[in-house]
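Q: Sequence plus the predicted model coming up.
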Amino acid sequence: MTASNCFPDRQPGTRQATPLRSTGFTLVEMSIVLAVMALLLGGLLPVISGQIEQQRRTETRKYMDEVREALLGYAIAHKHLPCPDSNDDGTAELTCSTASSAIGTLPYADLGVADKDAYGKVLDYAVTIEFANSAAYFTLLTAGGVRVCTAAATPTTNPCTANLTSKAAAIIVSPGANWATATSADETENTDGDPYFVSHDFVQNGFDDMVVWISPNILFNRMVTAGQLP
């Protein structure tokens, strides 16, 4: 008997076909995997978002410290602080003898610093007029006039409450992540064009402004050390 007679259904030179078993996911299995992934991502997104926000705040705070040092260096070199920028070209105006002209944006080009913070925004900047007067330099008796408070109040009676300082020589403000829209009266106080500002702890989905100011005493100390005062 030949081999072909033993296996009559098999053609000479061929192998018996073996049914293939599916190795893919079923729709039910795919749905379960997607549901698990959605749950994991839903739990991770707030954590990742919080870490990104914290990193931006850290970077912005570092940048603001650099700006503060640049302002002090500018004062030492020129014997006065710069006026704000009023036309968004990054350079200080020549004079700022009125209250409105003493509030604007940071003249970053004159200071030699980056133009924007970690949120992509140019810092707001205000200065006491007497400290930015290039015609009559300030002295050890010059008083600051920019006020920083812990909360906003009625502007007509008391522009803000609980002073952190009422005599700052200059101030810089980063409006944080929500810079396009003020979310509270405290943030509105920082953008209403007067020399009163609010600074307090970060509030989730609320106040996220960062505020740094230069006190006259710090400025005087740097100027005296550099031989620019008295």
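A: Received the coordinates, thanks.

Q: Quick check: next helix or strand after the top strand by length along the chain?
A: Assignment by DSSP state E gives strand 160-168 as the longest strand of the chain. Heading C-terminal from strand 160-168, the first helix or strand you meet, by DSSP states H and E, is strand 170-174.

Q: now the angle between strand 170-174 and the longest strand of the chain, please.
A: Angle, strand 160-168 to strand 170-174, by axes from the mean of the first three to the mean of the last three C-alpha atoms, to 10 degrees: 130 degrees.

Q: what's strand 160-168 packed up against?
A: strand 146-152, strand 196-198, strand 210-214 (3 or more C-beta pairs under 8 Å, 6 or more residues apart in numbering; DSSP states H and E). In this view, the C-beta of every residue, glycine as well, is placed from N, C-alpha and C.

Q: what about the helices in this structure?
A: For the chain, applying DSSP state H gives helices covering 3-6, 27-78, 108-111, 185-189, 216-225.

Q: Mind checking the ones you listed for the one nearest to T150?
A: Ranking those by distance to T150, with C-beta to C-beta as the measure, places helix 185-189 first at 8.7 Å.

Q: Now the closest one: buried residues?
A: Across helix 185-189, burial judged by 16 or more other C-beta atoms under 10 Å covers 186-187, 189.

Q: okay, these in CSV with distance to P216 and pLDDT next?
A: Formatted as CSV, the buried residues of helix 185-189 follow (distance: C-beta to C-beta, whole Å; pLDDT from 0 to 100):
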residue, distance to P216, pLDDT
D186, 25, 90
E187, 26, 92
E189, 22, 91
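
Q: dump the residue contacts of the nearest residue to G112 once chain neighbours are set aside.
A: Residue nearest to G112 in three dimensions, not counting chain neighbours: A70, with 6.4 Å by C-beta to C-beta, 6 or more residues apart in numbering. Residues near A70 by C-beta atoms under 8 Å, 6 or more residues apart in numbering: 111-113.

Q: circling back to that earlier point, quick one: closest of the helices of the chain to R147.
A: Among the helices of the chain, helix 185-189 comes nearest to R147, with 10.2 Å by C-beta to C-beta.

Q: For that closest one, which outside residues touch it?
A: So helix 185-189 is in contact with 149, 151-152, 159-160, 175, 178, 182, 196-198, 200, 207, 209, going by C-beta under 8 Å, 6+ apart.

Q: Quick check: the nearest residue to A170 once chain neighbours are set aside vs T105, distance?
A: Nearest non-adjacent residue to A170, counting by C-beta to C-beta, 6+ apart: V127, 4.3 Å away. V127 is 12 Å from T105, where distance means C-beta to C-beta, to the nearest Å.

Q: which of these two has more neighbours?
A: V127 (30 against 21; other C-beta atoms under 10 Å).
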